[in-house]
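Q: 3D, please:
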Amino acid sequence: MVSMNSYFFSQLTTLNKESAKLSYQSASGEKLRYGSDDSVSFAKILNAKQNITTYENLQANLTNTGIFNTASDSSIAEIKTAAEAVKSEILKAISATMSSSEYPSMATNLEGIKDTLLMLANEKVNGQYLFSGSDTTVQPFVKDSVTGVVTYAGNTESKMIAVEKNTYSEQGVNGLDIFYYDSDGDGTSDRSYFDDLDEVINALNGYDSSGNAISGSEITDILRAKLDDMNMGYDSMNVAHSVLGSRNLIFENAAEHISTKILNYKTMESTYADADLTEVAVRMKSLELIYTSLYSTISKLNELSLVNFVK
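A: Sure thing, here's the model as predicted:
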């Protein structure tokens, strides 16, 4: 009888463990409570969770980068529009129908465009300067309060952003790429669009780059020369804009790729972690019947034992 009781106690212990497992699955919707329930599946669940966390962090960074890139693209488009307005003004100034008496007002207009260009060159998004290079905390362009000369204070490096595990890509373009160009064909960006614009403004106000007074054909000659130079500057802006577009496309593709990976890992996690609640309900009902049967058997055995004892 002792061995029989031990057997039934063992059966009850097993059933109680199964009942606790099914109750947990029913309440939480999770298949596994402990790693020991299924070590292989548990390891796959942990791997999926870790990858989900990693890729969701990458996704968040790419979302911020997307905002940065969109703002950069928009700013360069506006910079090019402003540069086109400058070209239009210069063409009007050198046309035969333009009176030199109108030059000062054109110079004032170009000063306004210069301020607009400077504002766009120093644009920020989420506290980061768009065109300062790798250190987005540095204001890229600085205007001298006395001379009005604009200089670049950023660097020529690019901020590197993760697009995959241990894989990085360049973010944006720097201000040197946008506002400087190669004036002598030696492959070095040595001339500033802002400097050219200053010379145009000075000429319209009646002065050359050294501050000497000029008039008539001298002004026209300077404007024609600067128009050619500024066309090269505009070409440089276009190249920078194209490079930005190519880099932005890398991030857009990376964002789509990472979204797919997150979905796949979540599907994997669900496959191994989610309990089949219909199956759980069926098993709980079956367990209930087993409990009933076992307790009935124990009860009958106890009755037989009591009869034997009376005899």
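Q: mind listing what the residue nearest the centre of the chain touches?
A: Taking CA atoms, centre = their mean, the centroid of the chain lies closest to Leu62, which sits 2.2 Å from it. For Leu62, the contact set (CB atoms under 8 Å, 6 or more residues apart in numbering) comprises 161, 163, 251, 254-255, 258. All C-beta spots, glycine's among them, are computed from the backbone N, C-alpha and C.
Q: per-residue pLDDT, it?
A: Among the per-residue scores, Leu62 shows a pLDDT of 95.
Q: mind listing which of the contacts of Leu62 are in strands?
A: 161, 163 (DSSP state E).
Q: Including distance to Glu102 and pLDDT, could the contacts of Leu62 go into a markdown table?
A: Converted to a markdown table, the contacts of Leu62 look like this (distance: CB to CB, whole Å; pLDDT from 0 to 100):
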| residue | distance to Glu102 | pLDDT |
| --- | --- | --- |
| Ile161 | 48 | 95 |
| Val163 | 52 | 94 |
| Phe251 | 46 | 95 |
| Ala254 | 52 | 95 |
| Ala255 | 51 | 95 |
| Ile258 | 56 | 95 |
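Q: Tell me the one of the contacts of Leu62 nearest Glu84?
A: Glu84 lies nearest to Phe251 out of those, by CB to CB, at 27.8 Å.
Q: so who does that closest one touch?
A: By CB under 8 Å, 6+ apart, the contact set of Phe251 is 62, 65-66, 69, 161, 163, 169, 171.
Q: same thing but at 6 Å, please
A: 62, 65 (CB atoms under 6 Å, 6 or more residues apart in numbering).
Q: For Tyr207, see how far away it is.
A: Distance of Phe251 to Tyr207, given as CB to CB, to the nearest Å: 46 Å.
Q: quick one: Ala255 from Ile222, how far?
A: Going from Ala255 to Ile222 by CB to CB gives 48 Å.
Q: And for Pro104?
A: Applying CB to CB to Pro104 and Ile222 gives a distance of 15 Å.
Q: Looking at those two now, which is surrounded by more residues?
A: Each of Pro104 and Ile222 has its neighbours counted (other CB atoms under 10 Å); Ile222 has more, 20 against 12.
Q: Work out the gap between the helix or strand hosting Phe42 and the centre of the chain.
A: Applying DSSP states H and E as the criterion places Phe42 in helix 39-93. Distance, stretch centre to chain centre, for helix 39-93: 4 Å (CA atoms, centre = their mean, to the nearest Å).
Q: go on, stretch 215-227?
A: Its chain's C-alpha centre and that of stretch 215-227 lie 46 Å apart, by CA atoms, centre = their mean.
Q: For that stretch, what does the pLDDT average out to?
A: pLDDT averaged over stretch 215-227 gives 93.
Q: Stretch 110-124 now?
A: Here the average pLDDT along stretch 110-124 is 97.
Q: Which positions in it come out as buried?
A: By 16 or more other CB atoms under 10 Å, the buried positions in stretch 110-124 come out as 110-111, 113-114, 117, 120-124.
Q: Also stretch 48-57?
A: Neighbour-count burial for stretch 48-57 [16+ other CB under 10 Å]: 48, 51-52, 54-55.
Q: cool, stretch 200-215 as well?
A: Those would be 200-207, 214, for stretch 200-215 by 16+ other CB under 10 Å.
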